[in-house]
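Student: Compute the structure for the input listed below.
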Amino acid sequence: MPILTILWKFKYWVAIAILSFMWFGQLAYTNHLSGKLQDAETVCDVRVAKAIKPYQDSIVKAQEKKAIAEKAWSDKYIEVEQNAIKKIQDANAAARSAELANNGLSKQLSEANKRLSTASHQTIVEYTITNSELLEACTAEYRSMAEKADGHAIDVERLSEVWPDEKALK
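Tutor: As a prediction, the model looks like this:
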């Protein structure tokens, strides 16, 4: 019993020693759990990164594919626009040529009208004048219609060329 009496006499110091020992034990255990938690977090981060990687790769590939498709469409659109501008210029040149031809034809009809006016048959002269006026009106309308048709054909061709293929839409 002498040990118990000594312990009782120094009970505060014994309690402090026991509590200090428990405190150091708890501190060591907490430190051990903290290390395990950090290891588990690292393992979890690696697993999440492995799980996300295929999706990130798919997103990058899809963005690259999209950029390639957009570039192809843009290049195609520019090419079609350049071709359309050239065709519009050709159509304008053709319209000017038709107008010059129409002016020449009008002059010829005017001269013919002048020659026919000296003819003896007044009804033939009136008939010829009426026909030439009608021909001039028809030529002007035909030229106007041809210009509109050329413009429409160029627009249709431009739109059909720039429209994406079914393969590009898939």
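Student: just checking, what's the longest helix in this structure?
Tutor: Across the chain, the longest stretch assigned as helix under DSSP state H is helix 11-116.
Student: Next secondary structure after that helix?
Tutor: Reading on from helix 11-116 to the C-terminus, the next helix or strand found by DSSP states H and E is helix 122-162.
Student: tell me which helix or strand of the chain sits lowest on mean pLDDT?
Tutor: helix 166-169 (a mean of 61; mean pLDDT, DSSP states H and E).
Student: Show me what the longest helix of the chain packs onto, helices and strands only.
Tutor: helix 122-162, helix 166-169 (3 or more Cβ pairs under 8 Å, 6 or more residues apart in numbering; DSSP states H and E). (Each C-beta comes from the backbone N, C-alpha and C, glycine too.)
Student: so which of these gets nearest H32?
Tutor: helix 166-169 (60.1 Å; Cβ to Cβ).
Student: average pLDDT for the longest helix of the chain?
Tutor: Across helix 11-116, pLDDT averages out at 87.
Student: Stretch 129-148 too?
Tutor: Stretch 129-148 carries an average pLDDT of 82.
Student: Tabulate the helices and strands packed on helix 11-116 (TSV), appending mean neighbour count and distance to D39.
Tutor: Below are these laid out as TSV (neighbours: other Cβ atoms under 10 Å; distance: least, Cβ to Cβ, whole Å):
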stretch	mean neighbour count	distance to D39
helix 122-162	13	59
helix 166-169	8	50
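Student: As JSON lines, those helices with distance to A69 would be great.
Tutor: Listed next are these as JSON lines, based on distance: least, Cβ to Cβ, whole Å:
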{"stretch": "helix 122-162", "distance to A69": "14"}
{"stretch": "helix 166-169", "distance to A69": "6"}
